[in-house]
Every structure is written in structure tokens, then in C-alpha cells.
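J.: Quick one, fold the following:
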Amino acid sequence: MGTMSVLRSMGAKRSRVLPFSVGIAIIFANTGLSFAETINSALAAAYNNNPTLNAQRAATRAVDESVPIAKSGLRPTITANANIGLSRTTTNAAGAGAAIVGGVGGSSGTETNLAPGGFGVVINQTLWDSYLTKNNVNAAQAAVSASQQALVNAEQNILFNAASAYLDVLRDRSILAFQRKSLAFLDEQVRSEQTRFDVGEATRTDVAQARASRAAAQASASLAEANLRSSEAVYVQIIGRKPAKLSPVKGVKGKFPTSIVAGKDIARREHPAIRSTEFLVDQAIFNVKSAESGLLPRVDLQASATRNFEQSTFASVSENQSVTATLTVPIYQGGAQRGQIRQNKESLGQARIQVDESVASVTAAVVSSYSQYQGAKAAVSANQQQLKAAQLALEGAVEERKVGQRTTLDVLDTQTQVINAQIALANSSRDVKVAGYAIMSAIGRLNASRLGLKVNVYKPEVHQKAVEDKWFGLRVPSGN
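T.: Just a heads-up that it's a prediction; the model follows:
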């Protein structure tokens, strides 16, 4: 509010700084206007439509299918088979001359044509596999849990990127507006100095200095416009639509603990990246047990029923039904099974190390985000004071130049300090809000529910429960 009062006081005076200072005041005042897009509506759009996030959801649903696949190890398999063929047999009597087909002419040669065929059904059922299937199911369920936590982490990343993109566009639009107001101010300065030069009150140097400053402002405005276009492109990529008018952002202050120690504790318990790696450890443990089951006995049962034909008339000549139980005891498999066990044990060790790695990474992110938040808050306070002082200095420099106590260069330098302070304040204001979202992400709580987004929260457990006990069907569950 102090900054706005200073700007109003500057606008009340008759001076060359009037167009620039009034423009800055209008920019700040207009931040209270209603806009079409809020940051929560933008985050909701990203949550619903972001292709990266939707791809991760599809990947999670694919992992869900590993549970019924693993459970199939103790389910029966049924196969049907059928065969048909042609067979010709020719027999010639010993000592006979050239054989005459069919015995014509008294030849003792014979020829038989058959069309053998048959069909049958075979059922295989594993009765005992030394807990192989049980361990495979447990490993698959752990993989599903790890995938679901990875999805939660992906949602966090997308929401953070969307918030950053929104705030980047908001900041870059403000900076471009500041640069354009600065350019308008310098255009007025060039006209003023040219008029003063024409009546002999200024020198060519004053005019040249004004023009040089205007050229620099033009370059800065062009760069600001390019930065804005880049930020808008990222906004479209993440959120899925072009940014219209954007509302100011209050941030997420109050949604996360102020203590960094409390933030670390929450992150260690709740962060999905850590929980995902812990589930991967569980999966690796069950993979070792599954591999060890390959060294133990198993019992399988096979039942079959067949009917065979051997005559060209397809008259049934034989039927067969059988039930066979088979005990298989591994003795030596060339070392492959033991190699797989050792391999899975190394993978287990790797998974445990990755838990430590994820804990360290998340802890570092918590410390970094809290530090950035505190630093950005301090920068906002300092930049507000800098802006207030620079605006007062610009007002004074313009008035003092009128009575010959300041030069044109002094006014231009002071005006540059104002625009730099405006840009610094815009950057630090953006940084403090982004750091707030970074803290939410670092502690594992940047999600649609805690942000209050108006979306149907995606629940991966729904699809998991729909498919984990499926025996039949090719269609995926609806609603996904």
C-alpha cells in the first residue's frame, strides 16, 4: 500500500515523470480486477488433461494387470486340439511283377488310403509350486503400490510445473508492461530534450543520451516480449490451453508447516517418491523368494480326453481318457536358477540403496525449497523498499532538472533504477509463490485435494480392484 500511495503522489505533480508513474500505478491497481483464469482453474486443467500425467495413469493401469497375471499360476489352463491328415500305404507281394493297383490282373499288391484324425481336451492344474505363485502375487501387488505412489509423485510434478508456468506468464506480462511504460516515458524524454535543444536550453549530448536510453529500452521491451512468448508456450504445453487473462496469486502460505524440521518429518513419512522406492524393496524381496521356489518340488495334475479316427469314413476307432499327477524335483538346471537368485538379491540391494537415495533427495529438496522461500520473502521486502526509494528519487530528479540542479543523464539513470526495481520486485514476488508450491511438493502434499481443485480426483485403487481377480474378459474397465 505504501508503494501505491507514493505512486499516487507522483502522479499528482506536474512533471515529465507523469506518464510513466501513472502507468505503473495503474498496473498495480489493476491486479485487483477479476480475471477469467485463476491458478486453481489452470491447475485443474493440467490435472485433467496433461498428456504426461494421463500417460502415467495408463502405465499404472498396465501395472495393475500384473496381479491377475501372477494369480494365473494356480489357475487351470484348458486347451483343445484337433488334427486330420491323409495316409497312403502300398504293399507289394514278394516275387510279383509290376504291382497293379487294387489287385487288378491277379497282382498281390495292395494300397490303403486312410484319413486319420482326432480331437481332444487337455486340462493342466498346478497343485503345489512351493509358494512360487504366492510370492509372484505379492511381488506384483508391491509393484502396483509402487506404481501408484509414482503416479502421485507425477501428479505433484505436473501441478508444480503448472503453477510455475502460470506464475511465469503473470510475471512476464508485468515485466513487459513495465518495459513498455518505460519506453513511453523515454519517448517523452526524447521529445522533451529535442524541444529544449531547439530553443537552446539543451545540448546535443542531452538529446543523444535520451535517444540512447530509448534504444536500450526498445531492446529490453523486445526481450521481455520474447520471454513472455516462451512462457506462454510452456503454459500451453503443460496446462493445455492458451493463457487468457490471469488472476493474481495469493500463494499457498498456511498450507505447509513453517518449521523446516516439521517439513522434513512429513516428507519422510508421506513423500510418494520415498514410499514408491520402499514398495520396490518389497517387490525385490518377493522376487528373491520366487526365484528360490524354482529349486523346490512342484506337483502338477493333467487330465485329457481324446477321440481318434483312422478310417476314411471317420468311424471312431479309439477313445482315451487319462488323469496324471506329476511330481517334479529339480536337481540341476545348468546354474540358471541359482544365477537368477543371485541376480534378484543384487536387485534387492540396489532397491534398498535407492530408498536411501530418495530420502536424501527429498530431504535436500525440503531444505532447498524452505531456503528459497525465506530468501524470496526477504527479497520482496527489500525490493519494495528499493522501488519506493527509486520512485521518490525519480520524482526529485525530474523536478531538480527543471531548476538546473540535475542533468538529463541523472534523470535517465534514476528512471532506469525504477524500472530495474519494478522488475526485481516482479521476479521476487513470483519466486516467493513458486517456493511455496515447491515446499508443498517437497513434503509430498502438493495434490488436488489439499489445493482444493475442483476436479474428480483420480483414484488408481478403483482400477486395481476391478482387475485383480479377473478370470475372463478382454475389455478394460470403463471410466478409465
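J.: what does stretch 413-432 contact?
T.: 17, 20, 24, 167-168, 170-171, 174-175, 178-179, 182, 185-186, 189, 213, 217, 220, 251, 372-373, 375-377, 379-380, 383-384, 386-387, 390-391, 393-394, 397 (C-beta atoms under 8 Å, 6 or more residues apart in numbering). C-beta coordinates here come from the backbone N, C-alpha and C atoms, glycine included.
J.: Give me the domain ranges for this protein.
T.: 2-64+131-295+334-467, 79-128+297-329 (automatic domain parsing).
J.: mean confidence for the last one?
T.: Right, the one you point to is domain 79-128+297-329. Domain 79-128+297-329 carries an average pLDDT of 79.
J.: now P68, nearest residue through space, not along the chain?
T.: Among residues not flanking P68 along the chain, K470 sits closest, at 5.1 Å (C-beta to C-beta, 6 or more residues apart in numbering).
J.: If I look at that neighbour, what pLDDT would I see?
T.: 91.
J.: hang on, the earlier thing: which of the domains of the chain sits closest to G73?
T.: Smallest distance to G73 across these (C-beta to C-beta): 3.4 Å, for domain 2-64+131-295+334-467.
J.: hmm, back to that, please spell out the PyMOL selection for the buried subset of the contacts of stretch 413-432.
T.: Filtering these down to the buried ones (16 or more other C-beta atoms under 10 Å) takes a single PyMOL command:
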select buried, resi 17+20+24+167+168+170+171+174+175+178+179+182+185+186+189+213+217+220+251+372+373+376+377+379+380+383+384+386+387+390+391+393+394+397
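J.: Among the contacts of stretch 413-432, which are located in helices?
T.: Counting by DSSP state H, the part of the contacts of stretch 413-432 found in helices is 20, 24, 167-168, 170-171, 174-175, 178-179, 182, 185-186, 189, 213, 217, 220, 372-373, 375-377, 379-380, 383-384, 386-387, 390-391, 393-394, 397.
J.: rewinding a little: among the domains of the chain, which comes closest to R475?
T.: Evaluated over the domains of the chain, closeness to R475 peaks at domain 2-64+131-295+334-467, with 10.9 Å, by C-beta to C-beta.
J.: Apart from its neighbours in sequence, what residue is nearest the residue most central in space within the chain?
T.: Centre of the chain computed as the mean C-alpha position; nearest residue by C-alpha atoms, centre = their mean is A154, 3.9 Å away. Residue nearest to A154 in three dimensions, not counting chain neighbours: Q56, with 4.3 Å by C-beta to C-beta, 6+ apart.
J.: for the helix or strand where the one you found lies, what is the average pLDDT?
T.: Using DSSP states H and E, Q56 falls within helix 51-64. Helix 51-64 comes out with an average pLDDT of 96.
J.: ok, now stretch 162-181?
T.: Mean pLDDT, stretch 162-181: 95.
J.: and that stretch, how far out from the chain's middle?
T.: Here the centre of stretch 162-181 is set off from its chain's centre by 24 Å, with C-alpha atoms, centre = their mean, to the nearest Å.
J.: Now do that stretch: everything it contacts.
T.: So stretch 162-181 is contacted by 19-20, 23-24, 27, 39, 42-43, 45-46, 50, 217, 220-221, 224-225, 227-228, 231-232, 234-235, 237-239, 243, 246, 248-249, 419, 422-423, 426-427, 429-430, 433-434, 437 (C-beta under 8 Å, 6+ apart).
J.: likewise stretch 459-473?
T.: Stretch 459-473 has contacts (C-beta under 8 Å, 6+ apart) with 57, 60-61, 64-65, 67-68, 71, 75, 144, 147-148, 151, 477, 479-480.
J.: cool, stretch 61-79 as well?
T.: Taking C-beta under 8 Å, 6+ apart as the rule, stretch 61-79 contacts 121-126, 129, 132-133, 136-137, 139-141, 143-144, 147, 460, 463-464, 467-471, 476, 480.
J.: Mind checking which of those residues land in strands?
T.: Among these, the members found in strands (DSSP state E) are V121, V122, I123, N124, Q125, T126.
J.: what's the neighbour count on the nearest residue to the last one once chain neighbours are set aside?
T.: Read that as T126. Distance criterion C-beta to C-beta, 6+ apart; nearest residue to T126, sequence neighbours excluded, is D300 at 5.3 Å. Using other C-beta atoms under 10 Å, D300 has 15 neighbouring residues.
J.: Begin at 287, not 1, for the rest of this chat.
T.: With the count now opening at 287, the last piece we talked about shows up as D586.
J.: contacting residues for D586?
T.: N410, Q411, T412, L413, A611, T612, T614.
J.: Neighbours of the second one, how many?
T.: Looking back up the chat, that one is Q411. Close neighbours of Q411, defined as other C-beta under 10 Å, add up to 15.
J.: same deal with the third one?
T.: By other C-beta under 10 Å, 17 other residues sit near T412.
J.: Is it in contact with S579, as I believe?
T.: No. In this structure T412 lies outside contact range of S579 using C-beta atoms under 8 Å: 11.7 Å.
J.: what stretches of this protein score poorly on pLDDT?
T.: 287-322, 379-394, 597-602, 764-766 (pLDDT under 70).
J.: And the strands in it?
T.: So, for the chain - with DSSP E - the strands run 363-370, 373-377, 396-400, 403-414, 584-595, 602-614.
J.: Direction included, what does the third one pair up with?
T.: Put plainly, it is strand 396-400. Applying DSSP bridges to the sheet, strand 396-400 is found paired with strand 373-377 (antiparallel).
J.: can you list contacts of the partner strand?
T.: Contacts of strand 373-377 with the rest of the structure, by C-beta under 8 Å, 6+ apart, involve A385, G395, T396, E397, T398, N399, L400, A401, P402.
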